[in-house]
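Enquirer: Any chance you could fold what I've pasted below:
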Amino acid sequence: MIKNERMPRFYADLANMKLASKITSPTLVICGDSDPYLNYDLVMGSVGHLPEGSRLEVIEGGSHVVYIEKPYYHLFRDKIMDFLSPIPL
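Expert: Numbering: from 1, shown residues only. Below you'll find the model as predicted:
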């Protein structure tokens, strides 16, 4: 997230969405639903600017370091593997 104390929050949010729209590959966004540092409205809005095939996965109970938190790290890993696995024929 772009942080600039002189930039009003609204403009920082718009700048982040503009950056998201420059991503050209399908992207997986994973977060915990209890992360005190996330602006979930911004996360949801930014995902809409990612390319087709992108996904948002919210892990219930996970917080800021969901990728190393027990018991969530297994689910985090599984979501990545699912996203990266080719579609079965």
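
Enquirer: so who does the most centrally placed residue in the chain touch?
Expert: For the chain, Val29 is the residue whose C-alpha lies nearest the centre (C-alpha atoms, centre = their mean; 3.0 Å). Shown in contact with Val29 (C-beta atoms under 8 Å, 6 or more residues apart in numbering): Val43, Ser46, Val47, Leu50, Ser54, Arg55, Leu56, Glu57. C-beta here means a position set from N, CA and C on the backbone, and glycine is covered the same way.

Enquirer: quick check, it in a strand?
Expert: Yes. Assignment of Val29 by DSSP: H, G, I helix; E, B strand; the rest coil places it within a strand.

Enquirer: what's the spacing between it and Asp35?
Expert: Distance of Val29 to Asp35, given as C-beta to C-beta, to the nearest Å: 12 Å.

Enquirer: What about Tyr37, how many residues nearby?
Expert: By the measure other C-beta atoms under 10 Å, the count of residues near Tyr37 is 8.

Enquirer: and what of Ala20?
Expert: Ala20 has 19 neighbours, counted by other C-beta under 10 Å.

Enquirer: ok, now Ser46?
Expert: By the criterion of other C-beta under 10 Å, Ser46 has 23 neighbours.

Enquirer: Make sure it is actually in contact with Lys18.
Expert: No. At 9.8 Å, Ser46 does not count as touching Lys18 under the criterion of C-beta atoms under 8 Å.

Enquirer: about what we covered before: how close does the residue nearest to the centre of the chain sit to Ser46?
Expert: 8 Å.

Enquirer: This protein: strands as residue ranges?
Expert: For the chain, the strands defined by DSSP state E occupy 28-32, 55-59.

Enquirer: Direction included, what does the first one pair against?
Expert: So that's strand 28-32. Strand 28-32 pairs in its sheet with strand 55-59 (parallel), by DSSP bridges.

Enquirer: Surely Arg55 is in contact with Leu28?
Expert: Yes. In terms of C-beta under 8 Å, Arg55 counts as a neighbour of Leu28; the distance is 5.5 Å.
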